[in-house]
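**Student:** Provide a 3D model corresponding to the input given below.
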Amino acid sequence: MRALRATNRAALSRRTTRGTKGRGQAGIAGAKPRAMAVDATVHNPLLKPGKFPAFDQVKAEHVVPGIRNLLQELGMELEELEKNADASWDSLVVPLERITDQLGRAWGTVSHLKSVKDTEELRKAVEEVQPEQVAFGLRLSQSKPLYEAFCKIRDEKWSELNEAQRRIVETEIRDATLGGVGLEGEAKDRFNEIQQELSKLSTDFSNNVLDSTKAWKKLIEDPSEVKGLPPSALGLLSQQAAREGHQNANPENGPWLITLDAPSYIPIMQYCENRSLREETYKAYITRASEGSSDNKPLIERILELRLEKAKLLGYQNFAEMSMARKMATLQSAERLLGELREASYDAAVKDLEEVKNLAKAKGAPEGDDFKHWDGLFWAEKLREDRFQFSEEELRPYFSLPRVLDGLFGLVERIFDVQVSAADGLAPVWDKDVRFFCIKDKTGSPLSYFYLDPYSRPSEKRGGAWMDEVVGRSKVFADNGEAARLPIAHMVCNQTPPVGEDPSLMTFREVETLFHEFGHALQHMLTRVDEGFVSGIRGVEWDAVELPSQFMENWCYHRDTLMGMAKHYKSGETLPEDLYQKLLAARTFRAGTMTLRQLHFACTDLELHARYVPGEGRSVFDVEREVAKSTTVMPPLPEDRFLCGFAHIFAGGYSAGYYSYKWAEVLSADAFSAFEDAGLDDDQAVVQTGQRFRNTVLAMGGSRPPLEVFVEFRGREPSTEALLRHNGLISATN
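**Tutor:** Have a look, this model is predicted:
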């Protein structure tokens, strides 16, 4: 009933997978262990027992035989479970967790490697065996013996269960219903066909985005064409050129290679004085995966068509309504929040646009009378420099990755009473730049582990940043003498890599992203729930998962935290006070524009999944342009095909859920305001509040509804006041 949940929750910011300590512990209590083919178990690193996956050994050729053998074994275990399961925890939930955990660990390893070490061979292997993995997940979801056993526990054993166990039972019954357990005959067959096709379409969509991003490159040899780019960008672009065979490339004389991955694309849009190059790069970005062999347009139509059909098979009017069954919000409450935030941000966004236009006009630039989309970031940076007397580029030398990690770890050690220690070499890794760490309690005993893959690798690694689990905390897989198996996570970013002899010098946004992903990881790693199905990030409603991640971003502006990590990578000098004050003053710079941008994505997502009907005349781009009338201050270009690269909703976990960023941001801002109320300069109060946050939001995982967890921490239900105040938009609602 659970196997598909992992792959269905794939997302840029996080994805959940099921894990296990070791295959030797698998099997149903009281049943004889089933033998697997010796070659598959002993010689296939994908199925290798041990605490940590053999990321350094798993290759494409291991995927098909490994997954097939595992599915065969798990199929036999499932058959036995269905025969023997009754309404008792040990005979139902424990063996079910063993089954889903094994598949989650193996398939999670494959999915992870495909995201960070993509190859044509790995793609083919996934394509070959994925239908079998999906079929097994459907078999689990639609198992009537398991469903009936859970219903019987609910009806007859409810008083014997603790809170976490009750939550598991409720979730299993709900997800079985959404997984098609109630369907029969042709409806069931069609539902399963849809699930298979959607799984393939999602993979194809993601592949197309990666391929089209990799395919576009532009070599620049004339220094005048890259005028305005800062040294860090010139260094990165020349390093990219050198890797492509231009051995004499250097920052001063080039050549420079531009790509569409973020560390390359953003500096072009933000600093390059060559307007025609900005235009070319911008148009290449917004038309990714929209033509040729990587065209996602027909995939989008088909995905939306199948999602609507799937929802109707289950008795829902549309896919958004079905999706909300697993979330805190309803469609109405989500759209109400988006409307409130639009009211607060639209006029501010209009003002933002007028300000950059006026600056361009005052400087005598042609953009003043003919402002285009590719001028926005460039003139916004000019306005920032003019208004606050600093550029983002000035901050980079103060945010080297090693220093930022020291600051991040120092913060969590102080407010959550843990220790973070390097543990490189303890676990196999998939790339030489991957780091490994251990989180310990104050006595030095390990609590959890995590990997960090920080740098962009556009030739093999998908874009964005995300956190995922390797294995979760669970008493079922506890080592001898331990209460539970310890959780393991990985965090993946795509930040600027080291250039030459210098360390990775991060933009401030990259610093915020690292804090964000660590917030996700902390909820997974600091859980105290021993029931594996609802420990850590498991079982948390999707529109609440961003609470701890966005909460952590706030600390990037906290004086002690920021000044503790903002040290010049050469001199060790702390960030100057005047630069810190300018950074604080600029925190709400263009907040209206940034808020409205997120609202545009969220409203487009809900409109496509709640009201759009494929094949009835309008295209998805017509829908986006209609939404843009109220959510943008510059309408999209006619050729804009951003939706073709919108992996969040077409290849991730945010379909009918992109609003979750804003929904959870209300929670996270309000949670951080508890620290403001206590006094950010009062160390004792901060620590006490931090412990309360750890004991609720981070510790309880999915064992309780997120609103109950929030109220236990905050003492009341959430309010939008803190979010609007943090964004400088509060006056718009008064």
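**Student:** Just give me the neighbour total for Lys117.
**Tutor:** If you count neighbours by other Cβ atoms under 10 Å, Lys117 ends up with 18. From N, CA and C alone the C-beta is placed, and that goes for glycine too.
**Student:** Could I get the full set of strands for the stretch 201-350 of the chain?
**Tutor:** For the stretch 201-350 of the chain, the strands defined by DSSP state E, counting those that start in this stretch occupy 218-220, 256-258.
**Student:** same check, this time on the chain
**Tutor:** Under the criterion DSSP state E, the chain contains strands at 14-15, 218-220, 256-258, 419-422, 435-440, 446-455, 466-471, 488-495.
**Student:** With mean neighbour count and distance to Arg174 as extra columns, can I get those strands in JSON lines?
**Tutor:** Output for the strands of the chain, formatted as JSON lines (neighbours: other Cβ atoms under 10 Å; distance: least, Cβ to Cβ, whole Å):
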{"stretch": "strand 14-15", "mean neighbour count": "24", "distance to Arg174": "20"}
{"stretch": "strand 218-220", "mean neighbour count": "18", "distance to Arg174": "50"}
{"stretch": "strand 256-258", "mean neighbour count": "26", "distance to Arg174": "48"}
{"stretch": "strand 419-422", "mean neighbour count": "15", "distance to Arg174": "36"}
{"stretch": "strand 435-440", "mean neighbour count": "20", "distance to Arg174": "32"}
{"stretch": "strand 446-455", "mean neighbour count": "21", "distance to Arg174": "28"}
{"stretch": "strand 466-471", "mean neighbour count": "26", "distance to Arg174": "21"}
{"stretch": "strand 488-495", "mean neighbour count": "24", "distance to Arg174": "26"}
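**Student:** Dump stretch 578-589 to CSV, restricted to CA.
**Tutor:** Presented in CSV, the C-alpha positions along stretch 578-589 are these (Å, rounded to 0.1, in the frame of the first residue of the first chain):
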residue,chain,number,x,y,z
ASP,A,578,28.2,48.6,6.8
LEU,A,579,27.8,45.7,4.3
TYR,A,580,25.8,43.7,6.8
GLN,A,581,23.5,46.7,7.4
LYS,A,582,23.1,47.1,3.6
LEU,A,583,22.3,43.4,3.2
LEU,A,584,19.6,43.7,5.9
ALA,A,585,18.1,46.8,4.3
ALA,A,586,18.0,45.0,0.9
ARG,A,587,16.2,42.0,2.3
THR,A,588,12.8,43.1,1.1
PHE,A,589,14.2,44.6,-2.1
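**Student:** Export the strands of the chain to a markdown table and append columns for mean pLDDT and distance to His726.
**Tutor:** Formatted as a markdown table, the strands of the chain follow (pLDDT from 0 to 100; distance: least, Cβ to Cβ, whole Å):
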| stretch | mean pLDDT | distance to His726 |
| --- | --- | --- |
| strand 14-15 | 30 | 23 |
| strand 218-220 | 97 | 38 |
| strand 256-258 | 98 | 35 |
| strand 419-422 | 98 | 27 |
| strand 435-440 | 98 | 28 |
| strand 446-455 | 98 | 27 |
| strand 466-471 | 96 | 23 |
| strand 488-495 | 97 | 23 |
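**Student:** For the closest residue to Ala465 other than its chain neighbours, give me its contacts.
**Tutor:** Computed as Cβ to Cβ, 6 or more residues apart in numbering, the closest residue to Ala465 that is not its neighbour in sequence is Cys493, at 4.5 Å. By Cβ atoms under 8 Å, 6 or more residues apart in numbering, the residues touching Cys493 are 452-455, 465, 510, 513-514, 517.
**Student:** Apart from its chain neighbours, what residue comes closest to Gly444?
**Tutor:** Nearest to Gly444 is Gln419, by Cβ to Cβ, 6+ apart, at 7.1 Å.
**Student:** My guess is that neighbour contacts Thr443. True?
**Tutor:** No - contact criterion Cβ atoms under 8 Å: Gln419 and Thr443 do not qualify, at 9.4 Å.
**Student:** how close does the residue in the chain sticking out farthest from the centre sit to Gly564?
**Tutor:** Largest separation from the mean C-alpha position in the chain: Gly364, at 41.9 Å (Cα atoms, centre = their mean). Distance, Gly364 to Gly564, using Cβ to Cβ, to the nearest Å: 43 Å.
**Student:** In JSON lines: the strands of the chain, plus distance to Leu313.
**Tutor:** What follows is the strands of the chain, written out as JSON lines (distance: least, Cβ to Cβ, whole Å):
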{"stretch": "strand 14-15", "distance to Leu313": "25"}
{"stretch": "strand 218-220", "distance to Leu313": "47"}
{"stretch": "strand 256-258", "distance to Leu313": "46"}
{"stretch": "strand 419-422", "distance to Leu313": "47"}
{"stretch": "strand 435-440", "distance to Leu313": "44"}
{"stretch": "strand 446-455", "distance to Leu313": "39"}
{"stretch": "strand 466-471", "distance to Leu313": "30"}
{"stretch": "strand 488-495", "distance to Leu313": "35"}
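**Student:** Quick check: which of these is nearest to Asp406?
**Tutor:** Proximity to Asp406 (Cβ to Cβ) singles out strand 419-422 among those, at 9.6 Å.
**Student:** just how off-centre is that closest one within its chain?
**Tutor:** 23 Å (Cα atoms, centre = their mean, to the nearest Å).
**Student:** try stretch 685-693
**Tutor:** Counting by Cα atoms, centre = their mean, stretch 685-693 comes out at 26 Å from the chain centroid.
**Student:** now do stretch 719-734
**Tutor:** 26 Å.
**Student:** likewise stretch 360-378?
**Tutor:** 34 Å.
**Student:** got JSON lines for the strands of the stretch 201-350 of the chain, with distance to Lys582 too?
**Tutor:** Shown next, in JSON lines, are these (distance: least, Cβ to Cβ, whole Å):
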{"stretch": "strand 218-220", "distance to Lys582": "32"}
{"stretch": "strand 256-258", "distance to Lys582": "30"}
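**Student:** Quick one: closest of those strands to Gly66.
**Tutor:** strand 256-258 (37.5 Å).
**Student:** which other residues reach that closest one?
**Tutor:** With Cβ under 8 Å, 6+ apart, strand 256-258 has contacts from 217-220, 226, 234, 237-238, 240-241, 244, 246, 249, 264-265, 268, 277, 281.
**Student:** ok, how many other residues are close to the residue nearest to Ala427 when sequence neighbours are not counted?
**Tutor:** Once flanking residues are discounted, Ala427 sits nearest to Phe52: 3.8 Å by Cβ to Cβ, 6+ apart. By other Cβ under 10 Å, the residues close to Phe52 number 16.
**Student:** Can you report phi and psi for Phe52?
**Tutor:** When read as degrees, to the nearest 10, the backbone of Phe52 gives phi -120, psi 140.
**Student:** I'd guessed it sits against Ile488; true?
**Tutor:** Yes - with contacts counted by Cβ under 8 Å, Phe52 reaches Ile488, the gap being 7.0 Å.
**Student:** so what's in contact with these two at the same time?
**Tutor:** Shared contacts of Phe52 and Ile488, counting by Cβ under 8 Å, 6+ apart, come down to 449, 470.
**Student:** ok, back up a step: just list whatever residues bridge to the residue nearest to Gly444.
**Tutor:** Beta bridges link Gln419 to Lys440, judged by DSSP bridges.
**Student:** List the contacts of it.
**Tutor:** Counting by Cβ under 8 Å, 6+ apart, Gln419 has contacts 413, 439-442, 444.
**Student:** Spatially, which two of these are the most separated?
**Tutor:** Glu413 and Gly444 (12.7 Å).
**Student:** Comparing the two, which shows the higher neighbour count?
**Tutor:** Glu413 (15 against 8).
**Student:** Now tell me which helix or strand of this protein has the poorest mean pLDDT.
**Tutor:** When the helices and strands of the chain are scored by mean pLDDT, DSSP states H and E, strand 14-15 comes last with a mean of 30.
**Student:** quick one: Asn494 and Glu510, what's the gap?
**Tutor:** 9 Å.
**Student:** same deal with Ala320?
**Tutor:** As judged by Cβ to Cβ, Ala320 and Glu510 stand 33 Å apart.
**Student:** ok so, going back, so which of the strands of the stretch 201-350 of the chain is nearest Gln142?
**Tutor:** strand 256-258 (49.1 Å).
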